[in-house]
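Student: After the sequence you'll find the predicted model.
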Amino acid sequence: MMILASDYDGTLKINNVISDSDRQAIEQFRSLGNKFGIVTGRSIGMIRNELKVMQLNYDFIIGGNGAVIADENGQVIRQNNIELEDAMQLINYVCHDKNNMIGVSNGVEFGNIQDGCIIEEHNTNDLIETEMVNGYDIICSNKINSFYFKAETLYKTKQMYEVCKEMLKGRVNFHFNNGIIDATASDIDKKTGVLKLKELFDGDIHVIGDGYNDLPMIEYFGGYTLTHADEVIKEKASQVFDNIAQCIQTIQINKK
């Protein structure tokens, strides 16, 4: 059995669309007894609702950059949360500047703590429900799975990323991608999330992604990327494909 863990935004969903060729390749891959799933920085609630609207079947979801895992029904089965003390230190630092945006997730739901001066991109499909709540309710529940935050400019966001890495070194892991910072518990990333799949499925693991937060799993598993990815990511990948369908076709041929 083969297991393919794919990044979602920019890898499987491009320009708000999952191509028919990718969709068909995934269904054919699964029909042979293989497992396909999504590995993303998003919360489970956000991604499972979108996949339902997109009518895409899957065998697992790894959300929060590896901090939470859900089964084929989108129900959480594993998660690693951030310690409250570390979470509060991060919140106090980011919220010190009212122009910064910061949000938090409990693994399923998510909500903003401070909106800042940020115009967020909203999903273009109005049928997709987002399980958004009051961010402070998540903090009070002490079930803090991940954070997402950014400053008003890309330059300031990169500066904040470097400060946070040093400030919470060894306690919180930070992931910078597409102009936003995600934070998870220490030693949690997409690589560790995919490794947890070995406790659920026994098979050969393949991974594909196009972003910098995909690098840990790409480097560890000898994974793949797409032609539109940055050169840094292409250099780390074992193969570069035009799309998911081409990736699936290649790994199936190599398996024979």
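Tutor: All right, it came through fine.
Student: OK, contacts around residue 77?
Tutor: 69, 70, 71, 200 (CB atoms under 8 Å, 6 or more residues apart in numbering). C-beta coordinates here come from the backbone N, C-alpha and C atoms, glycine included.
Student: May I see the ChimeraX selection of the buried members of those residues?
Tutor: Command for ChimeraX that selects the buried part of the contacts of residue 77, burial taken from 16 or more other CB atoms under 10 Å:
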select :69,70
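Student: What number of residues are in the vicinity of residue 9?
Tutor: Per other CB atoms under 10 Å, the neighbour tally for residue 9 reads 19.
Student: for it, what are its contacts?
Tutor: Contacts of residue 9 by CB under 8 Å, 6+ apart are 40, 42, 178, 211.
Student: between those residues, which has the most around it?
Tutor: Going by other CB under 10 Å, residue 40 tops the contacts of residue 9 with 30 neighbours.
Student: Just give the nearest non-adjacent residue to that residue, would you?
Tutor: Leaving aside its sequence neighbours, residue 40 sits nearest to residue 8 (CB to CB, 6 or more residues apart in numbering; 4.5 Å).
Student: what's next to the longest helix belonging to the chain, contact-wise?
Tutor: In the chain, with assignment by DSSP state H, the single longest helix is helix 154-167. Applying CB under 8 Å, 6+ apart, the contact partners of helix 154-167 are 89-90, 93-94, 100, 149-151, 172, 174, 176, 179-181, 183.
Student: Out of the residues you listed, which sit inside helices?
Tutor: Of these, the ones assigned to helices by DSSP H are 89, 90, 93, 94.
Student: ok, of those residues, which one's closest to residue 61?
Tutor: Among these, residue 90 lies closest to residue 61 (CB to CB), at 24.8 Å.
Student: residues contacting the closest one?
Tutor: Here residue 90 is in contact with 147, 164, 168, 172, 183 (criterion: CB under 8 Å, 6+ apart).
Student: Could you work out the most separated pair of those?
Tutor: 147 and 168 (10.8 Å).
Student: the more surrounded of those two?
Tutor: Using other CB under 10 Å as the criterion, residue 147 and residue 168 rank with residue 147 on top: 25 against 19.
Student: Given the host helix or strand of the more buried one, what are its sheet partners and their directions?
Tutor: Secondary structure assignment for residue 147, by DSSP states H and E: strand 146-150. Strand pairing for strand 146-150, determined by DSSP bridges: strand 101-105 (antiparallel), strand 180-185 (antiparallel).
Student: could you dump these to CSV with mean neighbour count, distance to residue 55 and mean pLDDT?
Tutor: Below are the strands paired with strand 146-150 laid out as CSV (neighbours: other CB atoms under 10 Å; distance: least, CB to CB, whole Å; pLDDT from 0 to 100):
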stretch, mean neighbour count, distance to residue 55, mean pLDDT
strand 101-105, 25, 25, 94
strand 180-185, 24, 27, 94
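Student: With distance to residue 115 added, can I get those in TSV?
Tutor: Listed next are the strands paired with strand 146-150 as TSV, based on distance: least, CB to CB, whole Å:
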stretch	distance to residue 115
strand 101-105	6
strand 180-185	14
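Student: Cool, thanks, signing off.
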